[in-house]
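Novice: predicted coordinates and the sequence they were generated for:
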Amino acid sequence: MKLHQFKTQAITLPDNMTAKIYNEQVQPDMSLLSRQLKMIVYVNQEGCQDCRLRSLLPLYMFMLENEYREYFSVIFILNTVEMEDAEETLKDMRFNRTVFFDLDGSFERLNPHLPANDQLHIFLLNKENKVVMVGNPAINEKLKKLYLSELKKNK
């Protein structure tokens, strides 16, 4: 599927995901799913799960440093059958944000238009859940400016 086609269709978020946070003082933040702007970070089962989870750190920093963070949410969706391993990695990373586990692959089934290239599994959704930006703003300065511009415009 071409990127243009991906950006024309809404993304459906599964209602059966398991939300977890690795901070005993805090409950998972379910309001993330209902915010007007949402950045989706989808990690599927392919490749080294530990490596892919550790690669989320720059996105985590982007989120923490972003002045518009109260106007949008970052939704981390992990499709894994190795939930215990993923939990250990996230605890080791001290990842203090809500993570949604997609244990049965619902996200991909509900969104067959999702590109196969996992570099395109990070994207910003508008209030209609349509893709407005695609790519990782934490590793590309030009893309970061575009994301920040979009967030500022919609705050």
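Specialist: Arrived safely. Residues are numbered from 1 along each chain as shown.
Novice: contacts, neighbours, all on C-alpha from now
Specialist: Will do.
Novice: can you give me the buried ones in stretch 38-48?
Specialist: 38, 39, 40, 41, 42, 43, 44 (16 or more other Cα atoms under 10 Å).
Novice: show me what contacts the residue nearest the centre of the chain?
Specialist: For the chain, residue 41 is the residue whose C-alpha lies nearest the centre (Cα atoms, centre = their mean; 2.1 Å). Shown in contact with residue 41 (Cα atoms under 8 Å, 6 or more residues apart in numbering): 74, 75, 76, 77, 121, 122, 123.
Novice: hmm, back to that, closest to residue 142 out of the buried residues of stretch 38-48?
Specialist: residue 39 (17.0 Å; Cα to Cα).
Novice: helix, strand, or coil at the closest one?
Specialist: Here residue 39 is strand, with the state taken from DSSP: H, G, I helix; E, B strand; the rest coil.
Novice: got the contact list for the closest residue to residue 11 other than its chain neighbours?
Specialist: The shortest distance from residue 11 to any non-neighbouring residue, by Cα to Cα, 6 or more residues apart in numbering, is to residue 129 (5.4 Å). Applying Cα under 8 Å, 6+ apart, we find residue 129 in contact with 10, 11, 12, 38.
Novice: now do residue 59
Specialist: Residues in contact with residue 59 (Cα under 8 Å, 6+ apart) are 136, 137, 138.
Novice: in JSON lines, list these along with neighbour count and pLDDT.
Specialist: Formatted as JSON lines, the contacts of residue 59 follow (neighbours: other Cα atoms under 10 Å; pLDDT from 0 to 100):
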{"residue": "136", "neighbour count": "23", "pLDDT": "87"}
{"residue": "137", "neighbour count": "21", "pLDDT": "88"}
{"residue": "138", "neighbour count": "18", "pLDDT": "85"}
